[in-house]
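> Can you look at this prediction? I've put the sequence above it.
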Amino acid sequence: MRRLIAILPLVLFVGLGLFLWNGIGKDSTTIPSPLIDKPMPDFRLTALLDEQRILTAADLKGRPALLNVWATWCPTCKQEHAQLNRIARDEGVTIYGVNYKDDRAKAQVWLDKYLNPYALNIFDPEGKLGLNLGVYGAPETFILDAQGVIRYKHVGAVDQRVWSQLRERMKQLEGN
């Protein structure tokens, strides 16, 4: 019994080491989503900028678009925000926002300060829509086709390199 107690820390250490070693080098931005090729989950939430306006999944249909989950408490969201503004402004891409587990007033001030790239912005203060989307945290960005079907999920900031990849996927949806 004493021998088992003496060797137990070594066994646990080796097991933990193997577990951690297995994760080295894996791309954490491509977490598989069971929602790929499925319609946007149903929701009924207010618009961030107009709490009288109710938004639903039907509002996200019509053309391929990005759906960006963001929050004011998220430093990486601030990092990617200029890129999202550029994508919307210079390339005419429709971007919908999901303001995730945030304060409405802070989010509105944030968009005034850093500009608003979002055609629509869904206010998700309790994170229920985020939960239904399988969001791990902000930022996460989805590609939606014209019918509101989720075609791709990216975890992390959208920078120029990531946008190049997302743009190619969106062009495929548009038939270009």
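Cool, got the structure.

> For the residue nearest the centre of the chain, give its distance to residue 113.
Geometric centre of the chain, nearest residue: residue 140, 1.6 Å, by C-alpha atoms, centre = their mean. Using C-beta to C-beta, to the nearest Å, residue 140 is found at 22 Å from residue 113. Glycine gets a C-beta too; all of them are placed from N, C-alpha and C.

> Next one, pLDDT for residue 4 please.
Looking at residue 4, its pLDDT is 59.

> next one: the one 5 residues further on
For residue 9, the model assigns a pLDDT of 66.

> What are the neighbouring residues in contact with residue 87?
Residues in contact with residue 87 (C-beta atoms under 8 Å, 6 or more residues apart in numbering) are 66, 93, 95, 117, 158, 163.

> measure the residue lying closest to the fourth one once chain neighbours are set aside to residue 103 for me?
What it means is residue 117. In this structure, residue 117 finds its nearest non-sequential neighbour in residue 88, 3.9 Å apart by C-beta to C-beta, 6 or more residues apart in numbering. Distance, residue 88 to residue 103, using C-beta to C-beta: 23 Å.

> Ok, residue 166 next?
Applying C-beta to C-beta to residue 166 and residue 103 gives a distance of 28 Å.

> Looking at these two, which one has more neighbours?
Ranked by neighbour count (other C-beta atoms under 10 Å), residue 166 and residue 103 place residue 166 first, with 19 against 15.

> helices and strands around the helix or strand that one falls within, which ones?
Assigned by DSSP states H and E, residue 166 belongs to helix 160-174. For helix 160-174, the packing partners by 3 or more C-beta pairs under 8 Å, 6 or more residues apart in numbering; DSSP states H and E come out as helix 75-91, strand 140-144, strand 149-155.

> Mean confidence (pLDDT) on it, please.
94.

> any chance you could read off phi and psi for the nearest residue to residue 126 once chain neighbours are set aside?
Leaving aside its chain neighbours, residue 126 sits nearest to residue 101 (7.1 Å; criterion: C-beta to C-beta, 6+ apart). Dihedral pair for residue 101: phi 50, psi 50, per degrees, to the nearest 10.
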